[in-house]
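A.B. asks: how would this look folded up:
(chains A and B)
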Amino acid sequence: MSAKKITHEYHLKNGLKLIVKEDHRAPVAMMQVWYKVGSSYEPNGLTGISHALEHMMFRGSKKYRGSKYDEIITENGGQSNAFTAHDFTAYHQMLGSDKLEICFQLEADRMHQLLLKEEDFNKEISVVMEERHMSIDDNPERRAYERFSAVAHVSSPYKHSIIGWMDDLRHMTVKDLRQWYQMWYAPNNAIVIVVGDVIPKQIYQWTKKYFGPIKPSSVPTVKPQKEVQSLGMRHVTVKVPAKLPWMILGYNVPVLNSMTKDKKWETYALAVANGILGINHSARLQKNIIRKKQIASVANAYYSPFDRLNNLFIMELTPLNMEKVEECEKALFQEIEELQTKLVNTDELERVKTAYVAAEIFAKDSLSRQAYEIGMLECVGISYVETERDMIKKIQAITPQQVKEVALNYLVPERLTIGVLEPLKMKAN
Amino acid sequence: MKKQLAAKSIVPIQYWQSKKGAHVYFVKRSEIPAVDIDIYFRAGSALDGKKYGLSYLTNAMLNQGTHAYDADAVADKFADVGAHFNKHSGRDYGHVGLKCLSGKKYFNSAFKLFLEILHSVNFPEPALQRKQKQILSVLQMHEQTPSSVAAHTFYSTLYDGHPYAHPIEGTKKTVMALTREDAEHFYKKYYVINNATIIIVGDITRQEAEKRVDEIAEHLTQGQEVVPIAGAVSPKPCGEFHVPFPSEQSNVWMGQLGMNYHDPDYYAMRVANEILGGFSLTSRLFTQVRGKQGLVYSITSAFHFSDATGPFIIHFATQNATAKKALKLVQTIVDDYVNKGPSKNEFLRAKKNIFNDFPLAIASNHDIANLLSQIGFYKLPIDYIDTFQANIAAVSLEEVKAALKKRIRVDDMIKVIVGN
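C.D. replies: Numbering: from 1, shown residues only, chains lettered A, B, ... in the order given. You can find the predicted model right below:
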């Protein structure tokens, strides 16, 4: 194995950061531009504005008007899209690597010369509302999740969904978007990521040529908006037309970012604890709730140490029917108690660690996954280049005692919110 | 259509037939220390007979126990080495696969268990009953999801009387009536070496791959190759089908019988559909229904390929109040396009797009394995990848116009509308 450095980092004078990762398996490349702004930056009344702006980024910039952007990408056989999350907004193009230069021209132009025309906005906001209908309003579980989040987070801006409340979308104006664009879209608030069959120096040249002339702006300092201490368990019930119940348990827990150096291991221990519950078919929720107790048909667990703000340690189940909901809740509490009272055995712990190692290797098959990992970390202020090999080491160092310790400290009733979807009879109005 | 042989293969596929007759497609990619092995059997829901859901249940049971291990032990043993045991099934196929790190200490143990499953999966009764309950839950999930209701109504209407008509997962009644013997019998009959297409992509030598394939062959029974289900079904009545549903949006699935991979219009329609509603953001449906009118978030058109003639489907969702307007607009767009054909510009741009887009389809090991499964299972020419771009380049505007008129007709379409 060659020890050649494959990830390269560059900085432009205007504050833009460039990260290039070489992958020469096929003559293609992925280019992404990430902006440090997302739904967690939004004040009340303007929820969903980052995502709405993402839509408008495809409605033309000064040099590439109308749908010129889409036409150029299409002609070059590219695929392009974008996504908005709590902590970032990202735009991506995948093309044959010999055609990549055009992306730099397109992205540079829309970084500072977006048209944002009112007539376009009026169409696009109704597209966004249709997207909301499709992804949340007509999906019972997503609808329940939205209400659960609004309760599980008290003061944190993770409260509202990325797409925003319908009433906020209805009252959003193109003027709001223009302000939002001026505030956050600037080279000093962006990261360009390229992964693929490229020569890093060439990419750096293009970045300087096309993004270099864009002036930096004074990007606002985002307020900490630290989640307040939870003072007791919360319950949310959501009654909507559906056939199946659904339940979700979330504990307010810290993330890597919010921990002092000596406490950072706790977030990795939480990741391992979450893995023990739900990382694969061998994990406890599958074994005990799906296969042994047979009270649910779907079981998952989520937690990521890499969010910008403190977030949730989540378990979710699809109980077989309404009668099983109570039993499911009990079973989940039993799993938490098990983590708190018994040390996980070595075989089981090793399985979870191996799953994390394997996932890292499997992820290298996808250019977009590789780029996503870089952008996701960089946007919450964690250096990818510094942590590239570090994360797996940190996970591997976690001991059974540490898993028990974080379970005792964090997976406690005061930090818990329980959400339950109670199906109403389905009938068309 | 002229085919040009590329000077050098874009993706060097190695094909061979194993000792006992399995078709093997292999691509060596050693940059990432991982291997994917996928086996496709002609064992999909088209073979359910009256036992709707049998192929799905059989496939779902593959990791639920062998003679030596129960479901927990199977899960633990794969997890010990970070391997993923994958399985899924469709109307034509049942799939079983292993995704694994290539290092010996990982691969050997995962592959051993993979063979054990192929050879002695034993459908334990308690696990089977549990799976049946879980499948009922899947069916209920479909019932509360408007796009699933639309898809199901579309297939049952378009393929009325054909083995593609019923849901892959079966129905509540048929699933609960299935037995352990049914599943075992289905497995023994269809998950056999003569009915297998094996795809291997990853960090493994040809020699090693051959050895592993022979081991797979030894662990499956010889069996019979299944003849793909008959090509065409007769054209079905058209019209609108409304399903009342308590949703904000109306989900629309409209379409008709399309074609299969071996159709002479395959490349021409690939170009034709790209312009109408293909993946790009410049299609007529996307720019007019979404861009100009803001009526939908997503709208696509596509040919779906299968053994029997697959469907051509246009799919979108819009709020209930604008459903009629959107449906009418879509029909006008399709009508106009079929009658007049694409403009020269659109035609050239679409060809350029498909031509230039192709390297993206072979970028990752996962992409290559997917393409190989289509080539292998549907018996496409072995040089399909190498000749694809030349075949697209050879398509003429006249061919596209003629094929469109022959293939797409709004009046022949069924229109399923699920909503309020």
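
A.B. asks: Residue B:124 and residue B:67 touch, don't they?
C.D. replies: No. Using Cβ atoms under 8 Å, residue B:124 is not in contact with residue B:67, being 9.9 Å away. Quick note: C-beta positions are derived from backbone N, CA and C, even for glycine.

A.B. asks: Looking at these two, which one has more neighbours?
C.D. replies: Neighbour tally, residue B:124 and residue B:67, criterion other Cβ atoms under 10 Å in any protein chain shown: the higher count belongs to residue B:124, 17 against 10.

A.B. asks: so who does that one touch?
C.D. replies: If a contact means Cβ atoms under 8 Å, 6 or more residues apart in numbering or on different chains, then residue B:124 has B:64-65, B:70-71, B:180 as its contacts.

A.B. asks: would CSV of these with distance to chain A, secondary structure and pLDDT be doable?
C.D. replies: What follows is those, written out as CSV (distance: Cβ to the nearest Cβ, whole Å; DSSP: H, G, I helix; E, B strand; the rest coil; pLDDT from 0 to 100):
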residue, distance to chain A, secondary structure, pLDDT
B:64, 9, coil, 98
B:65, 10, strand, 97
B:70, 9, strand, 97
B:71, 6, helix, 98
B:180, 17, helix, 98
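
A.B. asks: a markdown table for those residues, including neighbour count and distance to residue A:70?
C.D. replies: Supplementary listing: the contacts of residue B:124 in a markdown table, determined by neighbours: other Cβ atoms under 10 Å in any protein chain shown; distance: Cβ to Cβ, whole Å:
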| residue | neighbour count | distance to residue A:70 |
| --- | --- | --- |
| B:64 | 22 | 47 |
| B:65 | 23 | 51 |
| B:70 | 16 | 53 |
| B:71 | 24 | 48 |
| B:180 | 15 | 54 |
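
A.B. asks: Now render those residues as a markdown table, adding distance to residue B:251.
C.D. replies: Output for the contacts of residue B:124, formatted as a markdown table (distance: Cβ to Cβ, whole Å):
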| residue | distance to residue B:251 |
| --- | --- |
| B:64 | 34 |
| B:65 | 39 |
| B:70 | 41 |
| B:71 | 36 |
| B:180 | 37 |
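
A.B. asks: from those residues, which is closest to residue A:228?
C.D. replies: residue B:71 (43.5 Å; Cβ to Cβ).

A.B. asks: Could you pull up phi and psi at the nearest residue to that closest one once chain neighbours are set aside?
C.D. replies: Of all residues beyond its chain neighbours, the one nearest residue B:71 is residue B:64 (4.7 Å), with distances taken as Cβ to Cβ, 6 or more residues apart in numbering or on different chains. Dihedral pair for residue B:64: phi -100, psi 10, per degrees, to the nearest 10.

A.B. asks: how close does the spatially closest residue to residue A:153 that is not a sequence neighbour sit to residue A:412?
C.D. replies: The shortest distance from residue A:153 to any residue other than its chain neighbours is 4.3 Å, reached at residue A:159 (Cβ to Cβ, 6+ apart). Residue A:159 is 21 Å from residue A:412, where distance means Cβ to Cβ, to the nearest Å.

A.B. asks: do the same with residue B:347
C.D. replies: When Cβ to Cβ is applied, the distance between residue B:347 and residue A:412 equals 65 Å.

A.B. asks: Next: residue A:275.
C.D. replies: On the measure of Cβ to Cβ, residue A:275 and residue A:412 end up 20 Å apart.

A.B. asks: of the two, who's got more company?
C.D. replies: Relative neighbour count places residue A:275 above the other of residue A:275 and residue A:412, with 25 against 15, counting by other Cβ under 10 Å.

A.B. asks: Next, give phi and psi for the residue nearest to residue A:153.
C.D. replies: When read as degrees, to the nearest 10, the backbone of residue A:159 gives phi -50, psi -50.

A.B. asks: neighbours around it, how many?
C.D. replies: For residue A:159, the tally of surrounding residues (other Cβ under 10 Å) stands at 19.

A.B. asks: tell me the pLDDT at it?
C.D. replies: Reported pLDDT at residue A:159 in the predicted model: 96.

A.B. asks: Test my guess that residue A:87 contacts residue A:307.
C.D. replies: Yes. Under the criterion of Cβ under 8 Å, residue A:87 makes contact with residue A:307 at 6.5 Å.

A.B. asks: Packing partners of the worst-scoring helix or strand of chain A on mean pLDDT?
C.D. replies: The least trusted helix or strand in chain A, going by mean pLDDT, DSSP states H and E, turns out to be helix A:384-387, with a mean of 75. Under the contact criterion of 3 or more Cβ pairs under 8 Å, 6 or more residues apart in numbering or on different chains; DSSP states H and E, the helices and strands touching helix A:384-387 comprise strand A:7-11, helix A:367-379.

A.B. asks: Would you mind finding the most buried of these?
C.D. replies: Burial among these, expressed as mean neighbours by mean count of other Cβ atoms under 10 Å in any protein chain shown, is greatest for helix A:367-379, which shows a mean of 21.

A.B. asks: List the contacts of that helix.
C.D. replies: The set of residues external to helix A:367-379 that reach it, using Cβ under 8 Å, 6+ apart, is A:7, A:17, A:19, A:21, A:23, A:28-30, A:32, A:34, A:36, A:87-88, A:90, A:92, A:94, A:191, A:193-196, A:306, A:308, A:363-364, A:383-384, A:387, B:363-364.

A.B. asks: Now go through these and say which are in helices.
C.D. replies: Among the contacts of helix A:367-379, the members falling in helices (DSSP state H) are A:363, A:384, A:387.

A.B. asks: Mind putting those into JSON lines with neighbour count?
C.D. replies: What follows is the ones in helices among the contacts of helix A:367-379, written out as JSON lines (neighbours: other Cβ atoms under 10 Å in any protein chain shown):
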{"residue": "A:363", "neighbour count": "14"}
{"residue": "A:384", "neighbour count": "19"}
{"residue": "A:387", "neighbour count": "16"}
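
A.B. asks: mind checking the backbone torsions on the residue lying closest to residue B:53 once chain neighbours are set aside?
C.D. replies: If the residues on either side of it in the chain are set aside, residue B:53 comes closest to residue B:170, at 1.8 Å by Cβ to Cβ, 6+ apart. Backbone torsions of residue B:170, given as degrees, to the nearest 10, read phi 90, psi -170.

A.B. asks: For residue B:170, report the pLDDT, please.
C.D. replies: The predicted local distance difference test score for residue B:170 is 98.

A.B. asks: Could you measure from it over to residue B:131?
C.D. replies: Taking Cβ to Cβ as the measure, residue B:170 falls 12 Å from residue B:131.
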